[in-house]
Structure formats: C-alpha cells, structure tokens
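Peer 1: got a sequence here, can you build the structure:
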Amino acid sequence: MKKNLFIVIATLLIMGATGGVGAFLMTNSNQQASDKRANTLKLATDYQNQGEFQRSLDLIDSILINNSKDPEAKALRQSVVEAKKAQEGKDKKDQLQVLQSSNDRLKESFNQLSSKLEKMQAASNSQITKAETARAKAATAQNQANLAAEEEKNKQELAAKAEADRLAKQKSDQKKLSADQKVEQDLFNQGMGYLGQSQYAQAKAKFEELLTRNPENSDALVRAAESQFREKKGDAETRRQALDLLSRTLAKNPTNASAYALQGEVYQDAKNWTEALNSYRGALKIDPSNPIFWYELGKTYYNLRQYSQASEAFQSSIKADPQNVLAYNGLGSSYGQLGEDKRALEAFNQAYKIKPDSGLINYNSARVYEKLGKSDLAIKSYETAVKLDSTKVIWISDLGSAYYKVGRYAEAEVQFTRAMALDSKRSDLYYNLSTTQFQLNKNTSALDNAQKAIALDPNVSDYAYNLGLVLEKNKNPEMAIAAYKTAITLDPASVDARVNLALLLEQKDNVDGAMDQLQKAWELAPDNLNVNNNLGRMYLVKKLYPRAIDFFNKALALKRDTPDIRYNLALAYLETNQKDLAKVVFQDLIKLSPNYWDAWFRLGGLLFDQGDAVGGKKVFQDLLVKNPTYFRKKEIEAILNKS
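Peer 2: Presented below is the predicted three-dimensional model:
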C-alpha cells in the first residue's frame, strides 16, 4: 500500500511539475506574439507615413489573418486605405493637370498652324509653280560651289607647276637676256608670285609697271587683265575692262593662247557660254595639247547641255594630262547626264585613284552608286566625302537621305540635324528631318520641323503633304484635311495628297467628297495601285458593285500579291451573284495568304451555299484546326453540327 501511495504521490508531483513548466512556456510565447504584433503595426505605420501603402496593407493583413477582430489592426488598415485613396486621387489630379497643360500647348500650336495654313492657301492661289523643289535648287547651287572650289584648288596646283616649269626654263635662258630684259623678267616674276598668292592688287601693279617699260609685252597684258578680273570676279564692269585688255592683247599678238583662254573664263563668269566656247576653241588652235584648255572647253559644252561634246573634250584633256582629276570628274558627270552610269562610275573611279582624298570625287561616286542601286557603296562614299569635308551641307544631307532610303532612320536624323546646324535657313532640311522623325514616331518633333519647313517656304506641295501625314499621326484629322487641301492647291497633280484627303473625308462620312478626290486622282494616275484599290473600295461602299469589280481588277493587274484587294473583289462578285468567280478568288487568296481567316470563312460558307457540303465542311474544319480561336468559331461549329 505504501509503495502504491508513493507512486501515486510521485505521479501527482510529476504532473504538478509538468503543469508548472507548461504555464511558464505559454506565458513566454504570448509575450513574443505580442511583441511581433506591436513591431508589425509599427512597421506598417512607418510604411504608411512613407507613402508605401501596399507594403503597409500587406503587413496589417498578416495580423488580421491570425485575428480578424484585432481592433487596432483594423483601425490602422482603414487609415491606410483612406490615405492610399487620397494619394491616388492626388496623383490622378496631377496627371490630368499635366495632360491638360500639354493638350493646351498642342491646341495652341494647332491653332497657329491652322492660321498659317489659311494664309498659305490664300497666297498659293496667286503663286503656284511646278518648279524645282528647294532641295534640288540648293543641291545645284551647292554642287556648283563645290566644283568651283575644287577647280580653283586644282588650277592653283597646275598654275604653280606651270610657273615652276617657266622659271626653270627662264633660268637657263637668263644669260641671253639684256639688262632691261632682266628687269622686265624680274617684274613679271614678282607679278606672277603675287598672282599665285591671290594678292591681285600687288600683282596688277607689277604687271602695269612692266607695261610702262614695255607696252608691247603681251604676256604682261594678259596677266594684268587676269589680276584685275580675279580681284573683282563677278563684277560686270571688271569683266568689261578685262575683255578690253584682252582685245588689245590679241590685236598685238593674235597667237597668244593664254589671252584666248582668259577671255573664255571671263565669258564663263558672265555665263555667256557661246562666246566662251569660241574663245577656248581659239586657244586650242594655238595650243592643241593644253589639258586646261580642253577641260574648260568641256565644262563650257557641259553648261550648254551638249554632253556628248563635253565628254569628248574631257577625254582630250585626259589624253593631254592623264593625271587631270577634274577632267575625269567632268567626264563622269557628262556620262551621268547621258544616262551612261557605268561609264560615269569608271571615270569617277579613275579620278579616285589619282586623288582619293577628294571629297567631290567621293560624293559624285556616291550619287552614281545610288542610281545603280548600290546603296551600301553609296553610303560608304558619302561617309568618306563627309569625313573629308564636314562643312558641305548638301553632302551631309545626301548622306542622311541615303540612310533614310535603307531604313536607317536614327542615323539619317543625326545627319539632317548636322546639316541644319550648318544652314538653318534651308527648308528642305527641316522637311527631311520631319519625315525622318515621322518614321521614328517622334511625332511632336516631326510636327515642329514640318511647320518650320513651311514657314521657310510655304509654296512647296510636298511640305504641306508631309504636314498632313504628321497631323494625322498626331490624331488631328481636321487640320490634316486642311494640310492636304493646301498640298493639292499648290500642286493639283499631287495624287498621294488626294488619296489621303479622300480617306479622311470617308472617315467623316463624306463619301461623295472622297469619291471626287479619288476620281481626280485616277484621271492623273490611272495606273496607280492605291488609287484603283480605294476607288474599288468606295464603289463597294456605295454598292456600285460592277464598278468596284472593274477597279479591283485594275488594281490586281498592277500588283498580284495583294490579299485585301482580292478579298474585296470576291465580296463584290458575291454581291453580283457571280459565285463561281468569287470562289476562285477566295481559293487563290488562301493560297497566297494562308492566314487570311475571313477568306476561309467566306469560302466555306460559299461552298455550302452552292450545295458542296463536303467541300464547305472541309474548309471549315481546316480553318478551326489552323486557328482554333477564330472569333466565329461557334458559328462554324453550329453549321458543322447541322451538316
């Protein structure tokens, strides 16, 4: 008994001891939970104060998951939710204010643009021309300036060489001269030295001093005339005086070839090409192996647009001096005008071998490469030209155009921007930059530069057309319509402007106005794919199905691989109950464009309609296999279930 009693007591003691330890552990665990809850609430409050509302709510939710009735957590959650809503409301308001401000600025810009377009339309009624675009004019002027600079440099080199040869010969003859002759020779040499350094007044003074001593010195007369002419080149009175001196010279010495050559140059300066031609012919009769005279003769023929004769003269210059790089350049340019691009490239390549560091040669080569469709080589040559001379605006601009043509729009944008930095008054540069930014989806910049191009030259149809495109992209169809109308006013033959105007008028439910523009476009360009297709579409809308069929077939004759045109043609055939023709077109269409799902659907329905249930069923089944998510799937399944 005592033993059992001891066991019972021991058991009670153990149980008592165990219960005591458990109570202690429970008390400690509750304290940790309480601390964790408090820390979590504090952290949630910190996040709330920092505006990180979602992180705060996530922490509060972790407390409420354990105890959904926790009053403090619920109160804090409500506070955070309200703060979050308030912040979101403020953010939205701020965004709306920014958007409104942006819209206000854009609206103001459009209003200014609208006013400008109205002025353009009013002005254009009395000033419509079909002349060269600004870019072509600028390019011609720039190329002439580039050629003149290259010529001047080359002439100076040739003159220096000729003068060195003359001095060498003179040195060997020096002993034969009298004292007076030596003085005259020294004066002549000093004058030539000044002339070579472009110090024309000093040169003229030396030659006149020599003429005072010896009025019969025809070489001194020629050089005096040359000094006077070069000092004020471009001045009509100076040309008159120079020609007078040269006439005196030739009267004294009709065999002075240099006098004839300088006379030709003076006539060139006056753009009197016929007299220049006669003068250079006179020089060549006396000195038929002079490469400079042949070159100048070729250049004169070129300016008279007698390109075959020009090429012959340039070839004679090359024969006399195989290193005459300008003659090769002239030869290449003449071949280019004659449409002989391969021969032109051969000439430019020869010039490049002689002078690879000539920017002009690289530039001209690039232009021929472009005509031959060799874009990579054209770009490489343009890049070389621009690297050799980074001040030529037209070279930089043409490099940008070459980049544009191959889709390298970002690089094109860089070049057009560079060109504008050199010449901010060129409207074509703003136009080119705008079209490039249009491709880059830089719509605001494209609009800004389109406006600047028009501000500089409001009479170019392409500028107004480009503005219309940009306005459309900026979601302003009303102003785009005004721009396209301006483009048409400036150039009634602008087919693209008429088509785009028609599409916008159609969107405005002005179908008759759209049709009128498209019919005029068709009269201008009956073989234009876009015009024929859209006319077909318009007739389809107006339910004039035979006319629609006619224009869709014309469009397909121009380009066979056009799925949308085929589809619309088939629809027109269906409307005129020409089901067999419609079936053929649908069948051709799904071969051409296997993913044209609506054509599959129409073909399947047509086959069922013609009593070919087997064929229709197969088309529908193939459609659902190829495109299980086709939006008319239920309709197809309903048809198949009935068949």
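Peer 1: pull out the buried positions in whichever helix or strand N500 is part of.
Peer 2: For N500, the host element (DSSP states H and E) is helix 495-507. Residues of helix 495-507 classed as buried: 495-506 (neighbour count, 16 or more other Cβ atoms under 10 Å). All C-beta atoms are positioned from the backbone trio N, CA, C, and that covers glycine.
Peer 1: mind giving me TSV with these and columns for distance to L195?
Peer 2: Shown next, in TSV, are the buried residues of helix 495-507 (distance: Cβ to Cβ, whole Å):
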residue	distance to L195
V495	57
D496	55
A497	56
R498	60
V499	61
N500	60
L501	62
A502	65
L503	66
L504	65
L505	68
E506	71
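Peer 1: nearest to K85, of these?
Peer 2: L504 (43.0 Å; Cβ to Cβ).
Peer 1: the closest one and A276, how far apart?
Peer 2: 54 Å (Cβ to Cβ, to the nearest Å).
Peer 1: check N528 too.
Peer 2: Applying Cβ to Cβ, the value for N528 to A276 is 45 Å.
Peer 1: those two - which one has more neighbours?
Peer 2: A side-by-side neighbour count of N528 and A276, using other Cβ atoms under 10 Å, places A276 first with 25 against 19.
Peer 1: in this structure that one contacts G264, no?
Peer 2: Yes: A276 is within contact range of G264, at 4.6 Å (criterion: Cβ atoms under 8 Å).
Peer 1: and for the two, which residues touch both?
Peer 2: Common neighbours of A276 and G264 (criterion: Cβ atoms under 8 Å, 6 or more residues apart in numbering): 296, 300.
Peer 1: tilt between the helix or strand that the helix holding N500 is followed by and helix 495-507?
Peer 2: Using DSSP H and E, the next helix or strand after helix 495-507 towards the C-terminus is helix 511-524. If you take axes from the mean of the first three to the mean of the last three Cα atoms, to 10 degrees, helix 511-524 sits at 160 degrees to helix 495-507.
Peer 1: which parts of helix 511-524 are buried?
Peer 2: By neighbour count with 16+ other Cβ under 10 Å, helix 511-524 contains the buried residues 513-515, 517-518, 520-522.
Peer 1: turn those into a markdown table, including distance to S198 and pLDDT.
Peer 2: Compiled in a markdown table, those are given as follows (distance: Cβ to Cβ, whole Å; pLDDT from 0 to 100):
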| residue | distance to S198 | pLDDT |
| --- | --- | --- |
| G513 | 64 | 94 |
| A514 | 64 | 94 |
| M515 | 67 | 93 |
| Q517 | 59 | 96 |
| L518 | 62 | 96 |
| K520 | 58 | 96 |
| A521 | 57 | 96 |
| W522 | 61 | 96 |
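Peer 1: closest to Y47 among the residues you listed?
Peer 2: For those, the closest approach to Y47 (Cβ to Cβ) belongs to A514, at 59.1 Å.
Peer 1: so who does that closest one touch?
Peer 2: A514 touches 501-503, 505-506, 538, counting by Cβ under 8 Å, 6+ apart.
Peer 1: make it 7 Å
Peer 2: 502, 505-506, 538 (Cβ atoms under 7 Å, 6 or more residues apart in numbering).
Peer 1: related to what we said a few turns ago, as JSON lines, the buried residues of helix 511-524 with distance to M479 would be great.
Peer 2: Shown next, in JSON lines, are these (distance: Cβ to Cβ, whole Å):
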{"residue": "G513", "distance to M479": "17"}
{"residue": "A514", "distance to M479": "18"}
{"residue": "M515", "distance to M479": "23"}
{"residue": "Q517", "distance to M479": "17"}
{"residue": "L518", "distance to M479": "21"}
{"residue": "K520", "distance to M479": "22"}
{"residue": "A521", "distance to M479": "21"}
{"residue": "W522", "distance to M479": "26"}
